[in-house]
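Participant: My questions concern the predicted model and sequence given below.
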Amino acid sequence: MLVCISNIINKKYNVRMKKAALSIFMIALLVTVSSCNLLLVAVRNVPTFFEAPEKVKNKITQPIRKDVRLSALWIGHATVLLQMDDKVIITDPFLTETAGEFARRVVEPGIDAENIPPCDLILISHSHFDHLNLASIEMLAEKNSNTALVFPTDLENYIPDYDLKLYRLNNDNGYESKIIGESKIINGIKVTSVFAQHWGGRYGVDGYLWGDNAFTGYIIEYNGMTVYFAGDTGYDSLKFKQLGEIFKIDLALIPIGPCADCKQCGTYSHVFPPDAYSVYKDIGAKWMIPIHYGTLHFAQADPMEPLFAFREIIKNNKAEERISVLKIGEQKILVKK
């Protein structure tokens, strides 16, 4: 019901009016809808609390290689360990067994934390529990205080006092009128905050009620290579095509879940497999790795359901050589020296 309301409002109103209208609906339905959704998530996760997450076999212990220019290791959910020449970058690190109180991993992280090298960048896309995992950031902070923690405006409200270099990037108040937020050179890497269509807050609901806009996507540029990390986002064809005109993207990390009917287009805030593929085509990326599935139970569907639908899209578009579906713990080498 809430998804339908969001989609209808998005079509008929501008961004500011949409948020105001959503706030009214959220207040009115907070007790029934929000608690119901949390209950569904909790119910789906009940079995996972009585069994250990599935083990990942043959985990990589040395993910950074001297003969590699660009590689990506999928740790699970939205967490990817990137090598760009001599730089190490991790996206939305989630290395613990749980995300918040209700969601527990169904598959363990794809690499042991002790085998993650000191990172040059930790990128946080937004403040929801499955993307901003405070315990995981603390694990990485202990390795190297020179690591840079990068996040969008307003997310600083949720970050403890880590021994890290903190970099806040503007996101135009939730990309109200622009698709580019801000660029900074951080530890020798150019990082740009770019358009995403999502919501902020720590608990989901608060992001709607109080207008928290702590969400973003990222463009990462280093030594002639460009990686796009979408974070969580809904679909806007015009804006993604504009991103494709501005940046020449080598690798795109794009979410494909969570979804209910995964063969349908997504919601205002999440792309499903069909529009995830559209994002990939719109931005003109050379390669894509799908993320944000297979790790947690959401209320909508089985964790692997998005992949079943996405594999069909890959096959129908003969895109097997350009889109790499990784197992959790698998590393894809895209460019060798």
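Facilitator: Cool, the structure landed. Numbering: from 1, shown residues only.
Participant: Spatially, what comes nearest to the spatially most central residue of the chain if we skip its sequence neighbours?
Facilitator: With distances taken as CA atoms, centre = their mean, the residue of the chain nearest its centroid is residue 231 (2.9 Å). In space, and not counting its chain neighbours, residue 231 is closest to residue 125: 2.7 Å by CB to CB, 6 or more residues apart in numbering. In this view, the C-beta of every residue, glycine as well, is placed from N, C-alpha and C.
Participant: How about the contacts made by the one you found?
Facilitator: Residues in contact with residue 125 (CB atoms under 8 Å, 6 or more residues apart in numbering) are 78, 91-92, 131, 152, 196, 215-218, 229-232.
Participant: gap between the residue nearest to the centre of the chain and residue 245?
Facilitator: Shown here: residue 231 relative to residue 245, a distance of 20 Å by CB to CB, to the nearest Å.
Participant: so residue 289 sits right up against residue 255, yeah?
Facilitator: No - look at residue 289 against residue 255 with CB atoms under 8 Å: they stay out of range, at 10.7 Å.
Participant: Pick out whichever of the two has more residues nearby.
Facilitator: Comparing residue 289 with residue 255 by other CB atoms under 10 Å, the one with more neighbours is residue 255, at 26 against 21.
Participant: Bridged to that one, which residues?
Facilitator: residue 291 (DSSP bridges).
Participant: That one is in contact with residue 267, isn't it?
Facilitator: No - counting by CB under 8 Å, residue 255 stays clear of residue 267, with 11.9 Å between them.
Participant: for this structure, where's the lowest mean pLDDT among helices and strands?
Facilitator: Least confident helix or strand, the chain: helix 2-12 with a mean of 38, by mean pLDDT, DSSP states H and E.
Participant: does the closest residue to residue 115 other than its chain neighbours sit in a helix, a strand or a coil?
Facilitator: Leaving out its chain neighbours, the residue that sits closest to residue 115 by CB to CB, 6+ apart is residue 61, at 4.8 Å. Here residue 61 is recorded as coil under DSSP: H, G, I helix; E, B strand; the rest coil.
Participant: distance of residue 61 from residue 112?
Facilitator: From residue 61 over to residue 112 the distance is 8 Å, taken as CB to CB.
Participant: Kindly report the same for residue 82.
Facilitator: For residue 82 relative to residue 112 (CB to CB), the value is 18 Å.
Participant: ok, the two, which is more surrounded?
Facilitator: Remark: of residue 82 and residue 112, residue 82 carries more neighbours, 26 against 14, as counted by other CB under 10 Å.
Participant: Need the pLDDT of that one.
Facilitator: According to the prediction, residue 82 has pLDDT 98.
Participant: and it, bridged to which residues?
Facilitator: Where residue 82 sits in a bridge, its partners, by DSSP bridges, are residue 72, residue 89.
Participant: That one against residue 72, yeah?
Facilitator: Yes - counting by CB under 8 Å, residue 82 does reach residue 72; the two are 5.5 Å apart.
Participant: on that earlier part again, export the contacts of residue 125 to CSV and tack on pLDDT?
Facilitator: Listed next are these as CSV, based on pLDDT from 0 to 100:
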residue, pLDDT
78, 98
91, 98
92, 98
131, 95
152, 97
196, 98
215, 96
216, 98
217, 98
218, 99
229, 99
230, 98
231, 96
232, 96
